[in-house]
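> could you look at this predicted model? Sequence included:
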Amino acid sequence: MILTELQQYLRTHHKVSMSELQLHFHMDADAIRDILSRLIRKGRVSREDGKLCGGCRSCAPEAIEFYGWVEYPSRTG
């Protein structure tokens, strides 16, 4: 299932751009965003929009749209 695969990919890579996710999963950005929105609501994933460098402004929006796995501290008793 893509949800499980997406979670594992984010767990492994920690922070990835939408462009990377599109290349890896061979999916449209909107379809990936739909899945990611569920994970964001559950608090497992965070979204971070990157900043343009101020140079040519030719970066695709997907190249500066980042998602990261949210790590929770382990509970020790």
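That came through, no problem. Numbers count the residues shown, from 1 in each chain.

> which of the helices or strands spans residue 66?
Following DSSP states H and E, one finds residue 66 within strand 65-69.

> list the buried residues of that strand.
For strand 65-69, burial by neighbour count (16 or more other Cβ atoms under 10 Å) applies to 65-67, 69. All C-beta spots, glycine's among them, are computed from the backbone N, C-alpha and C.

> reformat these as TSV; add distance to residue 21.
Listed next are the buried residues of strand 65-69 as TSV, based on distance: Cβ to Cβ, whole Å:
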residue	distance to residue 21
65	9
66	10
67	7
69	12
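
> of those residues, closest to residue 4?
Residue 4 has its nearest neighbour among the buried residues of strand 65-69 in residue 69, at 13.3 Å by Cβ to Cβ.

> surely that closest one touches residue 14?
Yes. Between residue 69 and residue 14 there is a contact at 5.8 Å, judged by Cβ atoms under 8 Å.

> for the chain, give me the ranges with low pLDDT.
1, 51-62, 73-77 (pLDDT under 70).

> could you list every residue that touches the most centrally placed residue in it?
What sits nearest the mean C-alpha location of the chain, by Cα atoms, centre = their mean, is residue 67, with 2.6 Å. Contacts for residue 67 (Cβ atoms under 8 Å, 6 or more residues apart in numbering) come out as 10, 15-18, 21, 36, 45-48.

> break down the protein into its strands, ranges please.
15-17, 45-49, 65-69 (DSSP state E).

> residue 32: which of the ones you listed is closest?
Comparing those by Cβ to Cβ, strand 65-69 comes nearest, at 8.8 Å.

> closest to residue 28 among the buried residues of strand 65-69?
Using Cβ to Cβ, these come closest to residue 28 at residue 65, 13.7 Å.

> of all the residues in stretch 32-43, which ones are buried?
Result for stretch 32-43 [16+ other Cβ under 10 Å]: buried residues 32-33, 35-36, 39.

> turn these into TSV, columns for distance to residue 2.
Listed next are the buried residues of stretch 32-43 as TSV, based on distance: Cβ to Cβ, whole Å:
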residue	distance to residue 2
32	9
33	13
35	6
36	11
39	11
